[in-house]
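Undergrad: below: sequence and its predicted model.
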Amino acid sequence: MFHEPVYTIGHAAKKLGVAVPTLRMYEHAGLIIPHRTPSNRRLYSRHDIEYLEVILDLIRNQGLNIEAIKRMLALIPCWRIIDCPKETREKCPAYTDSNVPCWLMHKNPCGKYKEECSSCDVYLSCPKMLRDPKQIVRSWGETDKSNN
């Protein structure tokens, strides 16, 4: 139920205390990937609402802007979360030099397109990682240790 898309964009905006264009802006920036119905309506899950609450906290209370949040998201070691083989990782732009999260690449490294990214463990881990940015740094350290 947590990942089931149930809130319309209007309901999500009201629940979060923001304007509908703000949610569209976050989607356009690639911070959030709402579910789309066959008629192209946006629907948000409880996970999306939680994730947006974290984003709003970073903007309102921590003084970050959208670009800073995107760069933080780019630091999440997606290859570790989805357990990419070393040979795949070494050719992957998300591993080598990306300044954006993997789901913002034209065709992202794991071969999935944007619609599938919303259910990927990397994307789903974002609220937890953004709440505790040190966890991102710890994940990188664990990655480095496992490669030695």
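TA: Looks like it came in fine.
Undergrad: excluding chain neighbours, what is closest to the residue nearest the centre of the chain?
TA: Nearest to the mean C-alpha position of the chain, by Cα atoms, centre = their mean, lies residue 123 at 4.2 Å. Excluding the flanking residues, the one nearest residue 123 by Cβ to Cβ, 6 or more residues apart in numbering is residue 117, at 5.3 Å. C-beta coordinates here come from the backbone N, C-alpha and C atoms, glycine included.
Undergrad: this structure: strands as residue ranges?
TA: Along the chain, counting by DSSP state E, strands occupy 7-8, 35-36, 42-44.
Undergrad: elements contacting the second one?
TA: Put plainly, it is strand 35-36. strand 42-44 (3 or more Cβ pairs under 8 Å, 6 or more residues apart in numbering; DSSP states H and E).
Undergrad: still on that earlier bit, ok, the residue nearest to residue 123 to residue 59 distance?
TA: Distance from residue 117 to residue 59, counting by Cβ to Cβ, to the nearest Å: 22 Å.
Undergrad: of these two, who's got more company?
TA: Legend: neighbour count by other Cβ atoms under 10 Å for residue 117 and residue 59, higher for residue 117 (20 against 16).
Undergrad: wait, doesn't that one sit right on residue 82?
TA: No: shown here, residue 117 and residue 82 do not form a contact pair, counting by Cβ atoms under 8 Å, at 11.1 Å.
Undergrad: how about residue 121: what's its closest non-neighbour residue?
TA: Per Cβ to Cβ, 6+ apart, closest to residue 121 is residue 81, 5.2 Å.
Undergrad: ok, now how distant is that neighbour from residue 67?
TA: Distance from residue 81 to residue 67, by Cβ to Cβ: 23 Å.
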